[in-house]
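no letters, just coordinates:
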């Protein structure tokens, strides 16, 4: 996956071992975290570190809305269109 650098399959986090895996078809703007049984998961929207603060804030507001089901690319498009406008 060219978007992300290669990572180890496992890493130590304090007293726990965390397994890392990726899916080729997954949107590179999402990071999916699973519980240890793989029964529950949460999707985390990745905002590039070079994004400016106003854009990042708009992305977070849009993504964190109740019932938000927009794909990451669409959230980024809307956030880009809203930067510079008052809420």
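Yep, that arrived. Since the structure is predicted, the reported quantities are computational estimates derived from the model, not experimental observations.

surely residue 33 is in a strand?
Yes - membership of residue 33 in a strand is supported by DSSP: H, G, I helix; E, B strand; the rest coil.

and the closest residue to it other than its chain neighbours, how many residues sit next to it?
Using Cβ to Cβ, 6 or more residues apart in numbering and skipping residues adjacent in sequence, the residue nearest residue 33 is residue 42, 5.1 Å away. (C-beta placed from N, C-alpha, C; glycine too.) Other residues lying near residue 42 total 9 when counted by other Cβ atoms under 10 Å.

give me the pLDDT for residue 42.
Listed pLDDT for residue 42 reads 82.

pretty sure it belongs to a strand, no?
Yes - applying three-state DSSP, one finds residue 42 inside a strand.

could you pull out the strands for this protein?
10-13, 16-19, 30-34, 41-45 (DSSP state E).

hmm, residue 46 is touching residue 32, no?
No - between residue 46 and residue 32 there is no contact under Cβ atoms under 8 Å: 10.7 Å.

how near is the residue nearest to residue 33 to residue 50?
The span separating residue 42 from residue 50 equals 24 Å under the rule Cβ to Cβ, to the nearest Å.

ok, now residue 57?
Residue 57 is 15 Å from residue 50, by Cβ to Cβ.

give me the more crowded residue out of these two.
Each of residue 57 and residue 50 has its neighbours counted (other Cβ under 10 Å); residue 57 has more, 16 against 5.

who's in contact with the residue lying closest to residue 27 once chain neighbours are set aside?
Residue nearest to residue 27 in three dimensions, not counting chain neighbours: residue 72, with 5.3 Å by Cβ to Cβ, 6+ apart. Contact analysis of residue 72 by Cβ atoms under 8 Å, 6 or more residues apart in numbering lists 27, 29, 30, 45, 46, 63.
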